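Colleague: The following block contains a protein sequence and its predicted model.
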Amino acid sequence: MENELFGHEKGAFTDAKTMQTGLISLAQCGTLFLDEVDSLTPKAQAALLRFLQTQEYRPLGSKVMLQADVRILAATNADLKYLATHKQFREDLYFRLNVLNLEMPALRHRCQDIPLIAEALIEKFSQQYRSNIKKIHPQTLEYLMLQPWAGNIRELENILLRHFLLSSGPILLIENEHISDEDAFICAAINTTVTTKTQLNFQNAKANAINNFEENYLKELMLLADGNVSAAARIAGKERRALGRLLQKHQIQKSNTTLLPSDLSQALSG
């Protein structure tokens with residue numbers, strides 16, 4: 001990581017046959033975007049922290065300190081505060097990065113954005129594949145806005161691209177797309193909430209339904225896995241750390257999981 005950020009001089013190490021300019025130098029007077037910053041090793045975190053504190057760096061093999069004029073944007077889908085509290089991420093680096101914190105809600109929590117995103121994606125596909133821009137059928141937009149989108153915009157993009165390539169007409173119509181068992185439970189919960197709690201607007205009703213589903217699902221999942229998070233992650237088909245964040249969100253631990261009557265137990269065990 002230090003080599004990528006700071007660059008190196010010729011002969012700095014065995015394979016350094018030529019000089020390499022680092023990303024910080026390339027981004028001088030601009031912006032450097034660091035994605036998945038939670039994946040940095042402890043050594044890389046220390047190097048990044050030093051740079052953020054001084055705005056100075058030294059290419060590997062060089063004796064000269066260089067001054068940087070660069071804006072740093074860091075992104076992650078992990079809870080850095082949680083990781084820092086549990087000593088899985090440097091706390092001092094977390095506070096150094098946390099000057100301005102912007103949280104992007106999941107796509108299912110901002111379904112009003114879906115029509116604009118979908119139209120922009122269709123226009124992008126049209127340019128990429130040198131095709132006429134296809135109109136999105138109103139029924140398709142309604143369908144898209146009701147989906148839980150576990151994979152967020154990437155999942156939406158994949159579905160639209162698949163139907164864009166397979167559709168021969170000028171109108172893009174998606175009538176039936178496979179939904180996973182977990183997503184089907186979410187959709188069912190959303191429909192129930194909209195029917196029984198009409199005093200809530202669509203967005204709030206949908207958020208409540210998803211939140212209730214997640215909590216009930218996780219409780220029964222942990223019971224099925226006998227409180228073992230790794231086993232629960234395998235059953236749910238989720239990455240262990242992501243499942244851990246959900247468990248923390250709903251404050252579900254081995255000691256407080258209680259079985260709730262629902263059809264979910266049968267679905268999990270099946």
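Modeller: Structure received.

Colleague: Going along the chain, name the strands of the stretch 101-250 of the chain.
Modeller: Assigned by DSSP state E, counting those that start in this stretch, the stretch 101-250 of the chain shows strands spanning 135-136, 171-172.

Colleague: now these in a markdown table, with mean neighbour count?
Modeller: Backbone N, C-alpha and C define where each C-beta goes, glycine included. Listed next are the strands of the stretch 101-250 of the chain as a markdown table, based on neighbours: other Cβ atoms under 10 Å:
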| stretch | mean neighbour count |
| --- | --- |
| strand 135-136 | 18 |
| strand 171-172 | 15 |
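
Colleague: Can you lay out those strands as CSV showing distance to residue 93 and mean pLDDT?
Modeller: Supplementary listing: the strands of the stretch 101-250 of the chain in CSV, determined by distance: least, Cβ to Cβ, whole Å; pLDDT from 0 to 100:
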stretch, distance to residue 93, mean pLDDT
strand 135-136, 43, 90
strand 171-172, 45, 89
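
Colleague: closest to residue 160 out of these?
Modeller: strand 171-172 (7.5 Å; Cβ to Cβ).

Colleague: where's residue 99 relative to residue 52, distance?
Modeller: With distances taken as Cβ to Cβ, to the nearest Å, residue 99 is found 10 Å from residue 52.

Colleague: rewinding a little: between the strands of the stretch 101-250 of the chain, which gets nearest to residue 92?
Modeller: Of all the strands of the stretch 101-250 of the chain, strand 135-136 sits nearest to residue 92, with 47.8 Å by Cβ to Cβ.

Colleague: Please verify my assumption that residue 134 contacts residue 173.
Modeller: No: at 9.7 Å, residue 134 does not count as touching residue 173 under the criterion of Cβ atoms under 8 Å.

Colleague: what sits in contact with each of these two?
Modeller: residue 167 (Cβ atoms under 8 Å, 6 or more residues apart in numbering).

Colleague: quick one: which of these two has more around it?
Modeller: Just comparing residue 134 and residue 173: by other Cβ atoms under 10 Å the higher neighbour count belongs to residue 134, 19 against 15.

Colleague: mind putting the strands of the stretch 101-250 of the chain in a markdown table, distance to residue 143 included?
Modeller: Formatted as a markdown table, the strands of the stretch 101-250 of the chain follow (distance: least, Cβ to Cβ, whole Å):
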| stretch | distance to residue 143 |
| --- | --- |
| strand 135-136 | 10 |
| strand 171-172 | 11 |
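
Colleague: The residue nearest to the spatial centre of the chain and residue 35, how far apart?
Modeller: Centroid-nearest residue in the chain, with Cα atoms, centre = their mean: residue 77, separated by 4.6 Å. From residue 77 across to residue 35, the span is 10 Å (Cβ to Cβ).

Colleague: so what sits against both of these two?
Modeller: With Cβ under 8 Å, 6+ apart as the test, residue 77 and residue 35 reach no residue in common.

Colleague: who touches the residue nearest to residue 64 when sequence neighbours are not counted in this structure?
Modeller: Sequence neighbours aside, residue 58 is the residue nearest to residue 64 in space, at 6.7 Å (criterion: Cβ to Cβ, 6 or more residues apart in numbering). Counting by Cβ under 8 Å, 6+ apart, residue 58 touches 6, 64-66.
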